[in-house]
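[1] Structure for the following, please:
(one chain, ligands or ions: 1)
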Amino acid sequence: MKSLWSDAEAAQFSGPLGPRVYTSRLLGRDKSLVLHGGGNTSVKLREKNLFGEEEDVLYVKGSGWDLETIEPAGFSPVTLGYVRRLAALKSLPDPQMVNELNTHMLRAGAPSPSVETILHAILPHRYVDHTHADAVLSVSNAPDGEKRIREIYGDRVVVIPYIMAGFDLAAYCAREFPKQAKGNTVGMVLLSHGIFSFADDAKESYELMIELVSMAEEYLARKKAWQIEVRNEKPSGFERQEVAKLRRAMSDQAGFPMLLKVNDSPKFLGFAQRRDLEKLALQGPATPDHVIRTKPFPMLGRDVAAYAKRYREYFEKLSVSATEKKTMLDAAPRMALDPQLGFVAAGRTARDTLIVEDLYEHTIDVILRAEALGGWRALEQKHTFDIEYWDLEQAKLRKGGSPPVFTGEVALVTGAASGIGKACVEAYLKRGAAVVGLDRNAAIETMWKRPDVLGLTCDLTKKDEIEKALDKAVKRFGGVDMLVLNAGIFPSSQAIQDIGAESWRSAMAVNVEANLLVMQACHPLLKLAPRTGRIVVIGSKNVQAPGPGAAAYSASKAALNQLARVAALEWSKDAIRINSLHPNQVFDTALWTEEVLAQRAKAYNLTVEQYRKNNLLRQEVSSKDVAELAAEMCGPLFAKTTAAQVPVDGGNERVV
Ligand SMILES: [Zn+2]
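    You can find the predicted model right below:
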């Protein structure tokens, strides 16, 4: 492991917290040190208050901040002297500890200080860095872990047995640190948890962390337990319908829709195919912290009911010795290892699935390296349970709150790179859905840079391209629940006698047949949607009120309309709802080039300006207006509605 320190970069971080922010970010950059909110850092500063009195203030990472992206505002200032005194108390329940920390902050509105704050306070050094380094976990979770750690570090680190983060750990360290610390002590290892480094200078503390972790890495390398190659013996057996089935079963078990992310890379697939998988994977997480995201063990294979039974037994066995009554969480797995699929991460949001995947990728490293050292040993399950059912976590549960309406669901939007399609992506995202956007325009792939959007280039008139896109969509999110059939073309205005065969056929191919192909390919997925499948068809006013010069367009949209009506009849038995929207004159779309606009205005003997608001309400209709209604049609308001045809046109004399 190399130090990432750069003097030039460091110089860009000014102010008393500058060096603290910089080295925290350096730690955050390396995922083998900290993952997703893991780890924390602090600095002790002397500051003057309003009365000119000097005070010692501990700035410690606030909860909800990631080291990689932390800003000065991400550090919570707490009164150092007071927090240090807490460590000497005989006992302090964790909820009360959190209250004490929160009420001894010096800045209203600062984030809650880390639950490891007292631990930072009792260490005498100015800068304290704490990570959950993979290499240290591998060594401490191997046989004779503690002996090995002492062998690697000698007096340079203080060694603390596993105790759950919170008051008890801090109080223990406060007693133990002065006993064990020697003149050359620069760190502290918490077995099965992580490592601390400290110094009076930010750079020195950071570089000590790198040095200490490197020592564990070198130890593993010497024992031939560092470079571990994982390869799959059998190829991936990914089938999207199987994944959608699994998602349905997991969502049913959870009681809410969940997204799945499938990873069949050689590392995950190879691990899932190991003969000793049960022994390795069922013991527990690399560090108990992960349990909040991953649950205590993965599901092996796809038997969700069997997993739920195992989880219930775990809860029942361990909750009896808890001091207060615990509420069982849902019994659905958050990860699965399957010899055909590889690794499957589950979560309510796309971000959650990515976090689970990241955590397990590092868990595999930790497990296999410890295994190479003589045998992976996870902590006893009761420690994992204590974190999963910690008072503070249970309190969060009671607070509840309801997530956005489409949380855990997947919407697929065609023609998503512009106009109504693009607005639909936004409308579904706003309601919590993960969105797959398809478009012929390759710009779709980079239009949204966020984990809950998958943009794919796809020619919808080609069946194989649709198949490939759906495979990618299901690998990424686990299924398709809502389908927005938006892609369409508007051929330039032509009198019937002038319509060429090619222009007629292309209108039919894109506006009718492509939608048929997408519907056919999505049907098995929509059938498996945890909250039933929904389709919204972006039709056209022309279905009921065609215009002169638009025969190909009007005929194709009318054919699509009939297709949708028949789908409502045929697919009602699968609980799939299909409703149509008939917009008119939505000018902020790719269909409406200046040329088309001028042509259509002329066809109605209007100026372009008159044509824009040519409706009963004299209101221009935007893509967003259409998209918002499309999203609502998939929501609870329309739960009992199928085969509806709703105009979004400001009112049209020829339709009413
Ligand atoms: Zn920690």
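
[2] Would you mind pulling up the elements that the helix-or-strand element of the chain with minimal mean pLDDT packs against?
    Of the helices and strands making up the chain, the lowest-confidence element is helix 391-399, at a mean of 73, by mean pLDDT, DSSP states H and E. Counting by 3 or more CB pairs under 8 Å, 6 or more residues apart in numbering; DSSP states H and E, the packing neighbours recorded for helix 391-399 are helix 94-103. Just so you know, the C-beta spots here come from the backbone N, C-alpha and C atoms, and that holds for glycine as well.

[3] Now the element after the helix it packs on, going C-ward?
    Toward the C-terminus, helix 94-103 is succeeded by helix 117-122 as the next helix or strand (DSSP states H and E).

[4] Would you indicate which residues of that following helix are buried?
    For helix 117-122, a neighbour-count test (16 or more other CB atoms under 10 Å) marks 117, 118, 119, 120, 121, 122 as buried.

[5] Tell me, what's the model's pLDDT at residue 600?
    Note for residue 600: predicted pLDDT of 81.

[6] Please verify my assumption that it contacts residue 547.
    Yes: under the contact definition of CB atoms under 8 Å, residue 600 touches residue 547, with a separation of 7.1 Å.

[7] Comparing those two, which shows the higher neighbour count?
    Of the pair residue 600 and residue 547, residue 600 is the one with more neighbours under other CB atoms under 10 Å, namely 21 against 17.

[8] got the residue ranges for the strands in the stretch 451-600 of the chain?
    Along the stretch 451-600 of the chain, the segments classed as strands by DSSP state E, counting those that start in this stretch run 453-457, 482-485, 534-538, 577-583.

[9] Dump stretch 445-457 to PDB, restricted to CA.
    As requested, C-alpha coordinates have been extracted for stretch 445-457 and formatted as PDB (Å, rounded to 0.1, in the frame of the first residue of the first chain):
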ATOM      1  CA  GLU A 445     -25.200   6.100 -22.000                       C
ATOM      2  CA  THR A 446     -23.600   9.100 -20.300                       C
ATOM      3  CA  MET A 447     -26.600  11.400 -19.900                       C
ATOM      4  CA  TRP A 448     -27.200  10.500 -16.200                       C
ATOM      5  CA  LYS A 449     -24.200   9.800 -14.100                       C
ATOM      6  CA  ARG A 450     -25.900   8.200 -11.100                       C
ATOM      7  CA  PRO A 451     -26.300   4.600  -9.900                       C
ATOM      8  CA  ASP A 452     -30.000   4.400 -10.400                       C
ATOM      9  CA  VAL A 453     -30.000   5.100 -14.100                       C
ATOM     10  CA  LEU A 454     -28.800   2.700 -16.800                       C
ATOM     11  CA  GLY A 455     -28.700   4.200 -20.200                       C
ATOM     12  CA  LEU A 456     -28.300   1.800 -23.100                       C
ATOM     13  CA  THR A 457     -28.100   2.400 -26.900                       C
END
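
[10] Now tabulate the buried residues of helix 117-122 in CSV and tack on distance to residue 216 and pLDDT.
    Written out in CSV, the entries for the buried residues of helix 117-122 read as follows (distance: CB to CB, whole Å; pLDDT from 0 to 100):
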residue, distance to residue 216, pLDDT
117, 26, 96
118, 26, 96
119, 20, 96
120, 22, 97
121, 26, 97
122, 24, 96
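
[11] so which of those residues would you say is closest to residue 551?
    Nearest to residue 551 among the buried residues of helix 117-122 is residue 117, at 72.2 Å by CB to CB.

[12] so what's that closest one up against?
    Under the criterion of CB atoms under 8 Å, 6 or more residues apart in numbering, the contact partners of residue 117 comprise 42, 58, 60, 76, 78, 83, 101, 170.

[13] Apply 6 Å and report the result again.
    Residues in contact with residue 117, defined by CB atoms under 6 Å, 6 or more residues apart in numbering, are 60, 101.

[14] what's the answer for residue 84, then?
    Shown here is residue 84, whose contacts under the criterion CB under 6 Å, 6+ apart are residue 121.

[15] and it, helix, strand or coil?
    Of the three states, residue 84 takes helix according to DSSP: H, G, I helix; E, B strand; the rest coil.
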